[in-house]
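>>> I'd like to go over a predicted model; first the sequence, then the structure.
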Amino acid sequence: QQQVKQSPQSLIVQKGGISIINCAYENTAFDYFPWYQQFPGKGPALLIAIRPDVSEKKEGRFTISFNKSAKQFSLHIMDSQPGDSATYFCAASNFNKFYFGSGTKLNVKP
Amino acid sequence: EAGVAQSPRYKIIEKRQSVAFWCNPISGHATLYWYQQILGQGPKLLIQFQNNGVVDDSQLPKDRFSAERLKGVDSTLKIQPAKLEDSAVYLCASSFQANKNTEAFFGQGTRLTVV
């Protein structure tokens, strides 16, 4: 059973555009929702994270929107840059156990 | 702060051979994870340690996979015998706190190819 569902699988955005990646979860016990960025040949690195007591968190060009009632959360990358081209994973966690989505490969065209 | 160290970076073995991976977590991190990441998929948790005890190994194929965490610090993951479907990147991660969700820091992984 897949704990976290992520879409789209791949995404192509023009430089300066907005990239949006969506995730959904089932387990209401999850209480920590991080997004990880992974470049080829590297391990995932934390990008931004949110706890379910807030509906939005913004760090620079990256924003997480969280809808607790719908059990959905999304990552928005504003003013997308070619350097943002990477694979993005959403995750959900409870008691330090992380469940990852299947990943979104983002390609930002110059 | 030094990151999570893993070795080797790459390994190619024939099916039915054995292989071992090593992980040194960030100093002071109580929780250590081993994840399997098959190409095109998200990381899947194999085993989670809290200090030197196992918290969760429900998705570890115990007939061929084993893991230990020596003295609550370094960890090794072993596969014996390997199958073709074990080809994947094996990621080690660690986090600081035991009972509260905190950031998990990942190593660069070991890419295993079974031929």
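Thanks, I have the structure now.
>>> what residue is smack in the middle of chain B?
B:W34 (2.7 Å; C-alpha atoms, centre = their mean).
>>> Provide a list of residues in contact with residue 8.
Just going to use chain A. Applying C-beta atoms under 8 Å, 6 or more residues apart in numbering or on different chains, we find A:P8 in contact with A:21-22, A:104. In short, each C-beta sits where N, CA and C put it, glycine included.
>>> that's the other chain; I wanted chain B
B:21, B:110.
>>> let's see it at 10 Å
The contact partners of B:P8, by C-beta atoms under 10 Å, 6 or more residues apart in numbering or on different chains, come to B:19-22, B:110-112.
>>> Also within reach of chain A: list those from these.
B:R111 (C-beta under 10 Å from any C-beta of the partner chain).
>>> Now the contacts of B:P8 in JSON lines, please, with extra columns for neighbour count and distance to A:P40.
Below are the contacts of B:P8 laid out as JSON lines (neighbours: other C-beta atoms under 10 Å in any protein chain shown; distance: C-beta to C-beta, whole Å):
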{"residue": "B:V19", "neighbour count": "19", "distance to A:P40": "22"}
{"residue": "B:A20", "neighbour count": "15", "distance to A:P40": "25"}
{"residue": "B:F21", "neighbour count": "22", "distance to A:P40": "20"}
{"residue": "B:W22", "neighbour count": "14", "distance to A:P40": "23"}
{"residue": "B:T110", "neighbour count": "22", "distance to A:P40": "15"}
{"residue": "B:R111", "neighbour count": "17", "distance to A:P40": "11"}
{"residue": "B:L112", "neighbour count": "20", "distance to A:P40": "17"}
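>>> Just the ones in helices from the contacts of B:P8, please.
Among the contacts of B:P8, no member falls in helices (DSSP state H).
>>> So stretch A:9-25, near chain B or not?
Yes: using C-beta under 10 Å from any C-beta, stretch A:9-25 reaches chain B at A:Q9.
>>> mind putting the contacts of B:P8 in CSV, distance to B:N51 and pLDDT included?
Listed next are the contacts of B:P8 as CSV, based on distance: C-beta to C-beta, whole Å; pLDDT from 0 to 100:
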residue, distance to B:N51, pLDDT
B:V19, 26, 98
B:A20, 21, 98
B:F21, 20, 98
B:W22, 18, 97
B:T110, 23, 97
B:R111, 28, 97
B:L112, 27, 98
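>>> Just name the closest of the contacts of B:P8 to A:P82, please.
Closest to A:P82 out of the contacts of B:P8 is B:R111 (25.3 Å), distances taken as C-beta to C-beta.
>>> For that closest one, give the beta-bridge partners.
B:R111 has the following beta-bridge partners by DSSP bridges: B:Y10, B:V89.
>>> Would you agree it is in contact with B:V19?
No: assessed by C-beta atoms under 10 Å, B:R111 is found out of contact with B:V19, at 11.6 Å.
>>> Find residues that contact each of the two.
B:8, B:11-12, B:90.
>>> What are the phi and psi values at the nearest residue to A:K42 once chain neighbours are set aside?
Among residues not flanking A:K42 along the chain, B:Q108 sits closest, at 5.8 Å (C-beta to C-beta, 6 or more residues apart in numbering or on different chains). Main-chain dihedrals, B:Q108, degrees, to the nearest 10: phi -80, psi -10.
>>> for B:K71, same thing?
Torsion angles, degrees, to the nearest 10, at B:K71: phi 60, psi 30.
>>> contacting residues for the residue lying closest to it once chain neighbours are set aside?
Take B:K71 and drop its neighbours on the chain: the residue closest to it by C-beta to C-beta, 6+ apart is B:N52, 6.4 Å away. Counting by C-beta under 10 Å, 6+ apart, B:N52 touches B:30, B:32, B:68-73, B:75.
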